[in-house]
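**Student:** One predicted model, sequence on top.
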Amino acid sequence: MNSKIQEKKVSVIIPVCEHASDTLALVEEYRLALSAITNDMEFIYAVNYRFQKIAEQLEQLATDNTDLKVLLLSRDYGEGTVLQAAFEHVTGDYVLTLPPYKQVDLSELPKMFDAIDSHDVVMARRWPRLDSTFKRFQTKVFNTLIGMMTDQKYSDSGCGVRLLTADVIKELNLYGDQHRFLHLLTHELGFKTTEVNLTQARENIVRSHHNPGTYLRRLLDLLTIVFLTKFNKKPLRFFGIIGSTSMALGFLGLLYMAYERLFLGVAMADRPLLVLLSLFLVLGIQLIGIGLIGETIIFTHAENNKEYRIKRIIN
Amino acid sequence: MNDPKISLTVVAPLYNEEESVTVLYQRICQAVDPLNQPYEIIFVDDGSSDSTFAVASELATKDHKLRVIAFRKNYGQTPAMAAGIDNAKGKTLITMDGDLQNDPSDIPMMVNKLNEGYDIVVGWRHNRQDKLITRKIPSMIANKLIGAVTGVPIRDNGCSLKVYRAEVMQKMPFYNEMHRFIPALLFVAGSKVAEVKVKHHARQFGESKYGLSRIYKVLLDLLTIKTIGSIAHHPTLWFAKLALLPLLISFMCMIYALIALASGDSMLVMSTVSLLFFILSMFLISLGFLGELIYKHGSITVSQLALLTANQVGEKIKST
């Protein structure tokens, strides 16, 4: 058992966003599991508006438990935003996010706290995983994709069990569905991040499947994150390379058409190719224009937006 | 940040330089001590995975004029220099490589040069000890490009060994791989720039950390620098000028299409092309307004922008 943690305060954040199981029983279960780690803890429930009922139940519970805080949000937000709202209320040294349903075997939680000693962020991976092959395949594909696009290899970024130090949440600014990419953002900020295997809870096995729209949204989120982390300070490197390719294609094509018209006598005005090439040219210029606007945004904020994060200064 | 007690600050970024740190520290001390001016040394550990930080902080416990800044992870050379410059207390800043390729013994000469009345003294590695294909040629092309675009004939923009007046430097926006453009930007802004020959050594320890893909980055960065300055002056006007050509093309195509219509030919292709370019010109004008907003809410002051967009006055660079 990690004795250092015993004297520290752990803030448990439970975001209620999409579905939730019997809340009151779960709080007790979480409390019991954590009492093996520390006695000083607080619970922060951040609840989306449509789960008002849960918030009311919790508020009742909070009258007897001073260590329980309930935030009811004014509408439904993505889990990233909900977590960020809860971060503002954290008073502990460590922040443990837990889903509003049982996702992992709680008796294995101490493993997370063992790993936080040498890291700033510990992600849980549901392993051994009891889900159907399809679900496992889904996780595998999504995480492999993230790995390919960012060279950050983690195997279960969707798991809601994460442990962070208080320093990390001071610098995070999550919104939308960015909770899935928390590890990429913390890495970008220079924090040491690792992954720990926790057995999946039997209660977590669900038969339901996502609708196709969800997959599309995830993919868009991923592209956003890749853009935000890889081209953070250099939007023109991203837009410029696509834009100049498209522009060059259009320009050279048009040049060739003009050559054909002038020297070979091929008519130009009635060829649909002219539209396509003009389109490439226009698109290219637009992309570069957007890249330049992006650069001006970075430039005008360079002063208060330092690119580096200092760990320590000596003398 | 400036501290009247300190007149010189030497900044050196370190990335996996455990073998070099001690030697570098000793050589800097040897070179700067004879100047008899109070100075400090800032080592910026750029997220090294070896014991660079341990070695450097060990040195710092014995010598309080050495300060060590440790990054959480590897961010690159420019951010490392930026961190050193942001935390510098001296009135004169000296930046140099942390890998012993620059020779600290050049520092006194460069500081004296600065005191002759320059704002920045740039090192020129006239006898460069690097691989031809992967280092010297890309760097040559980069320097030619920067010279052609900015109109500043500095021969070695990439040399890290530079001496600046702190008040000039601390006004510059410094991010990405901007360190390459600092002399050019300062020169365009009317600062007095001098270029002096410096010694250059082949790497003694470790491996070179920068590769060939730099040219395309330099190209895009140049485009950024060139346009940010011009956009800043008057975003709407800048983009409106840009929008003029597509608008013209659009009108010409439309006239062509109308003539075709009158003579009974197909007008579909030409009118589509006309609309496309019309949209482009509207798009560019909108970007102009957007730029106006960005500069209005940004944190860079007008005087700093003037610094970047000032006409190219100032005298020719003096070299020795």
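**Tutor:** Happy to help now that I have it.
**Student:** Moving C-terminal from the longest helix seen in chain A, which element do we reach first?
**Tutor:** Across chain A, the longest stretch assigned as helix under DSSP state H is helix A:272-301. Heading C-terminal from helix A:272-301, the first helix or strand you meet, by DSSP states H and E, is strand A:310-314.
**Student:** How far away from the center of its chain is stretch B:190-199?
**Tutor:** What separates the centre of stretch B:190-199 from the centre of its chain is 15 Å, taken as C-alpha atoms, centre = their mean, to the nearest Å.
**Student:** Revised request: answer the last question for stretch A:197-214.
**Tutor:** 18 Å.
**Student:** what about it, average pLDDT?
**Tutor:** The pLDDT scores in stretch A:197-214 average 83.
**Student:** Residues touching that stretch, excluding its own?
**Tutor:** With contact meaning C-beta atoms under 8 Å, 6 or more residues apart in numbering or on different chains, stretch A:197-214 is reached by A:21, A:101-106, A:108-109, A:111-112, A:124-132, A:134, A:161. For every residue, glycine as well, the C-beta is placed using N, CA and C.
**Student:** Just the buried subset of the residues you listed, please.
**Tutor:** Buried members of the contacts of stretch A:197-214, counted by 16 or more other C-beta atoms under 10 Å in any protein chain shown: A:101-106, A:108-109, A:111-112, A:124-127, A:129, A:131, A:161.
**Student:** about what we covered before: now, the contacts of stretch A:197-214 that are in helices?
**Tutor:** A:Lys111, A:Met112, A:Phe134.
**Student:** Which parts of the chain belong to which domain?
**Tutor:** Just so you know, I chose chain A. A:3-230, A:235-301 (automatic domain parsing).
**Student:** Wait, chain B was what I had in mind.
**Tutor:** According to automatic domain parsing, the ranges for chain B are B:8-228, B:234-319.
**Student:** Can you say which of those domains is packed in most?
**Tutor:** domain B:8-228 (a mean of 19; mean count of other C-beta atoms under 10 Å in any protein chain shown).
**Student:** Report whether that domain contacts chain A.
**Tutor:** Yes - applying C-beta under 8 Å from any C-beta of the partner chain, one finds domain B:8-228 touching chain A at B:47, B:56-57, B:60-61, B:64-73, B:75, B:78-80, B:82-83, B:86-87, B:173-176, B:216-217, B:220-221, B:223-224, B:227-228.
**Student:** Helices of the stretch 1-150 of chain A, residue ranges please.
**Tutor:** Shown for the stretch 1-150 of chain A, the helices assigned by DSSP state H, counting those that start in this stretch span residues A:3-6, A:23-34, A:52-64, A:79-87, A:110-115, A:133-150.
**Student:** Can you name the residue of the stretch 201-315 of chain A nearest to chain B?
**Tutor:** A:Thr300 (2.5 Å; C-beta to the nearest C-beta).
**Student:** What segments of the stretch 151-300 of chain A are strands?
**Tutor:** A:162-165, A:193-198 (DSSP state E, counting those that start in this stretch).
**Student:** Check those for me and report the most buried one.
**Tutor:** It is strand A:162-165: most buried of these by mean count of other C-beta under 10 Å, with a mean of 23.
**Student:** average pLDDT for that one?
**Tutor:** 95.
**Student:** re earlier: switch the strands of the stretch 151-300 of chain A over to a markdown table; also include distance to A:Leu223.
**Tutor:** Below are the strands of the stretch 151-300 of chain A laid out as a markdown table (distance: least, C-beta to C-beta, whole Å):
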| stretch | distance to A:Leu223 |
| --- | --- |
| strand A:162-165 | 23 |
| strand A:193-198 | 21 |
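**Student:** phi, psi of whichever residue of the stretch 101-250 of chain A sits closest to chain B?
**Tutor:** Residue nearest to chain B within the stretch 101-250 of chain A (C-beta to the nearest C-beta): A:Gly190, separated by 2.7 Å. With angles defined as degrees, to the nearest 10, A:Gly190 sits at phi 90, psi 10.
**Student:** What is the burial count for it?
**Tutor:** Residues near A:Gly190, counting by other C-beta atoms under 10 Å in any protein chain shown, number 18.
**Student:** is it true that B:Pro235 touches B:Lys296?
**Tutor:** No - in this structure, B:Pro235 is not within contact of B:Lys296 by C-beta atoms under 8 Å, at 9.5 Å.
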